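In: Have a look at this prediction, sequence included:
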Amino acid sequence: MSSEKDDFLRLIGQTSPNPIGLQVSRAEGCFIFDRSGKRYYDLISGFSVSNIGHGRPEVIRSILDQAGDYLHTMVYGELIQQPQLELARLLTENLPPSLNQVYFLNSGAEAVEGAMKLAKRITGRPHMASFNNAYHGSTQGALSLMGNERFKTAFRPLLPGVSTLRFNEPDDLYLIDSHTAAVFIEPIQAEAGIRVPDPDYLKKLRQRCDETGALLVYDEIQTGFGRTGKLFCLEHSGVVPDILLLAKALGGGMPLGAIVADRALLSAFTHDPPLGHVTTFGGHPVSCAAGEAALRFIISQELAARAVIKETWFRNGLKHPLIKEIRGCGLFLALQLENQDHVSRFFQHALDEGILFDYFLFCNDSIRVAPPLIIEKSEAEDLVARINRALDRSA
């Protein structure tokens, strides 16, 4: 008789040859519990999905209330659905004036795909630009923007005309020219190992886009909703993109993505041709209800500002000899170790210590530290002690 893990490997399509395989029974706050009842600190937060932690009562109530009213009714955009309207209102109230309209989708990758189409439709230009070690999703258009050839080569041909710039290198900005429809950038690179650009770099990028007429697209799919110590990462530099992409924490644990832009830009989807972009399940009312409850919680509890304080708990507590550098801001941190072998050993010891951890795609010598923003000081101190013990065993 096969085990549940055997059935998991047999029946569920896999993304890696060695999945973690933890059998989840429940999740609450900053913790995930396995079938035996063992508790694991969530050091990943679902890759910035679970910013408010697991099982928030306010979000669960909103999900249940909305599910009792209605689920899917009609293809996106045709009917007035209150959850969409309320979440869009709350988002735009907390964004710069030019980011005043929301197009809801299912995921971050779909938001990237829609933004690529929108940029070509508005500018009439064929080319895109992105950055080395950028991650924008795995669908074909988003994969074309990925800045790592190892993950792209098996799926070529991809979209032509994509320039790859070195991140945080002003000398490469000349590659943005009159043929560039849009430049896609993470304001802090995630899968590259939490890379924060120099303070003036994003301003120079904004200036170059203005000079050439290219649209500037911020992928805040991982950096949004308080993760970096601001409600949105764009607030750190004051640079406002033409298009903002959101997902992950946007849905409060439910699947949801969004393109946010000026309504004059988004209106391009409505004509020549109409239905320029369309989605069946994008902006699902249950996801939007959950997203509104989550965003109200983040704002009311000042989780963004508190993430700056909580960052110091980890920086002050994690001074292990194996740690060569701590990068990032807020609760979006990377611990750089001596080499990949130490990271691999940490992975096994972290599970023993009750820590759920995962790798960066494009940075094999660093550990992701991105717990839910609700983590309390006593929990952080316990988590730091466990990380240090796992590092001791990894030396």
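Out: Looks like it came in fine. Numbering: from 1, shown residues only.

In: what's the spacing between the residue nearest the centre of the chain and G161?
Out: The centre of the chain sits closest to Q222, judged by C-alpha atoms, centre = their mean, with a distance of 1.9 Å. In this view, Q222 and G161 are 26 Å apart by C-beta to C-beta, to the nearest Å. (Each C-beta comes from the backbone N, C-alpha and C, glycine too.)

In: Ok, P170 next?
Out: Noted for P170: a distance of 23 Å to G161, by C-beta to C-beta.

In: I figured V24 hits F33, correct?
Out: Yes. In this structure, V24 is within contact of F33 by C-beta atoms under 8 Å, at 7.3 Å.

In: So for the two, which sits in the more crowded spot?
Out: F33 (17 against 11; other C-beta atoms under 10 Å).

In: Tell me the strands beside whichever strand or helix holds the more buried one, with direction?
Out: In this structure, F33 sits in strand 31-34 according to DSSP states H and E. Taking DSSP bridges as the criterion, strand 31-34 forms sheet pairs with strand 24-28 (antiparallel), strand 39-42 (antiparallel).

In: can you point me to the longest helix in the chain?
Out: helix 377-394 (DSSP state H).

In: and that helix, what other elements does it pack with?
Out: strand 39-42, helix 303-317, helix 340-352, strand 355-356 (3 or more C-beta pairs under 8 Å, 6 or more residues apart in numbering; DSSP states H and E).

In: Can you tell me which of these is packed in deepest?
Out: Highest mean neighbour count among the helices and strands packed on helix 377-394 (mean count of other C-beta atoms under 10 Å): strand 355-356, with a mean of 22.

In: The helix or strand following it - contacts with which helices or strands?
Out: Next helix or strand after strand 355-356 toward the C-terminus (DSSP H and E): strand 366-369. On a contact count with 3+ C-beta pairs under 8 Å, 6+ apart, strand 366-369 meets strand 332-336, helix 340-352.

In: how far away is the closest residue to N132 other than its chain neighbours from V308?
Out: Nearest residue to N132, sequence neighbours excluded (C-beta to C-beta, 6 or more residues apart in numbering): G147, at 4.2 Å. Distance check for G147 against V308: by C-beta to C-beta, it reads 29 Å.

In: hmm, back to that, could you export the helices and strands packed on helix 377-394 as CSV, including distance to L231 and mean pLDDT?
Out: Output for the helices and strands packed on helix 377-394, formatted as CSV (distance: least, C-beta to C-beta, whole Å; pLDDT from 0 to 100):
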stretch, distance to L231, mean pLDDT
strand 39-42, 21, 97
helix 303-317, 5, 98
helix 340-352, 30, 94
strand 355-356, 26, 96
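
In: residue ranges with poor pLDDT in this protein?
Out: Residues of the chain that meet the criterion pLDDT under 70 lie in 1-2.

In: Kindly state the domain boundaries assigned to it.
Out: 20-49+307-333+343-373+387-395, 57-300 (automatic domain parsing).

In: where's the longest one relative to the chain centroid, distance-wise?
Out: A distance of 10 Å separates the centroid of the chain from that of domain 57-300, by C-alpha atoms, centre = their mean, to the nearest Å.

In: can you give me the helices in this protein?
Out: Under DSSP H, the chain gives helices at 4-11, 45-48, 57-69, 82-93, 108-123, 140-145, 201-212, 234-237, 263-266, 285-300, 303-317, 340-352, 377-394.

In: In CSV: those, plus distance to N133.
Out: Formatted as CSV, these follow (distance: least, C-beta to C-beta, whole Å):
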stretch, distance to N133
helix 4-11, 30
helix 45-48, 16
helix 57-69, 33
helix 82-93, 29
helix 108-123, 16
helix 140-145, 12
helix 201-212, 15
helix 234-237, 20
helix 263-266, 28
helix 285-300, 28
helix 303-317, 23
helix 340-352, 16
helix 377-394, 24
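
In: wait, which of the ones you listed is closest to R39?
Out: helix 377-394 (10.7 Å; C-beta to C-beta).

In: Tabulate the CA atom coordinates of stretch 97-110 in PDB.
Out: What follows is stretch 97-110 as a C-alpha-only set of coordinates in PDB (Å, rounded to 0.1, in the frame of the first residue of the first chain):
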ATOM      1  CA  PRO A  97      -2.100  59.700  -7.800                       C
ATOM      2  CA  SER A  98      -1.000  58.400 -11.200                       C
ATOM      3  CA  LEU A  99      -1.600  54.800 -10.100                       C
ATOM      4  CA  ASN A 100      -5.300  55.300 -10.000                       C
ATOM      5  CA  GLN A 101      -6.900  52.300 -11.700                       C
ATOM      6  CA  VAL A 102      -6.600  48.500 -11.100                       C
ATOM      7  CA  TYR A 103      -6.900  45.600 -13.500                       C
ATOM      8  CA  PHE A 104      -7.300  42.400 -11.400                       C
ATOM      9  CA  LEU A 105      -5.900  39.100 -12.600                       C
ATOM     10  CA  ASN A 106      -5.100  35.700 -11.100                       C
ATOM     11  CA  SER A 107      -1.400  35.800 -10.400                       C
ATOM     12  CA  GLY A 108       1.900  37.700 -10.700                       C
ATOM     13  CA  ALA A 109       2.900  36.000 -13.900                       C
ATOM     14  CA  GLU A 110      -0.400  36.900 -15.500                       C
END
